[in-house]
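**Student:** predicted model, plus sequence, below.
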Amino acid sequence: MLRLTVICFVIAAIAGIFGFGEVDGAVMFVAKAIFFVFLALFILSLFVLPQRRH
């Protein structure tokens, strides 16, 4: 999931360099959304997984 976020950031950077502002903004929004979903799932797994091991 982090790999997909990095790929989106690279695509957004390349689109920004070449002047595609709309594509840049859209891809950056998708990358941020994927990152925050990853972050939420990571934090959730920190709290849920230790409880299942006992």
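**Tutor:** Looks like it arrived, so ask away.

**Student:** what's the longest helix anywhere in the chain packed up against?
**Tutor:** Looking across the chain with DSSP state H, the single longest helix is helix 21-52. Of the remaining helices and strands, those touching helix 21-52 by 3 or more CB pairs under 8 Å, 6 or more residues apart in numbering; DSSP states H and E are helix 2-17. C-beta: built from backbone N, CA, C; applies to glycine.

**Student:** count of neighbours near Phe35?
**Tutor:** Residues near Phe35, counting by other CB atoms under 10 Å, number 17.

**Student:** same thing with Cys8?
**Tutor:** Neighbour count for Cys8, taken as other CB under 10 Å: 20.

**Student:** next up, the contacts around it.
**Tutor:** 27-28, 30-31, 34 (CB atoms under 8 Å, 6 or more residues apart in numbering).

**Student:** again, only this time at 7 Å
**Tutor:** Residues in contact with Cys8, defined by CB atoms under 7 Å, 6 or more residues apart in numbering, are 27, 30-31, 34.
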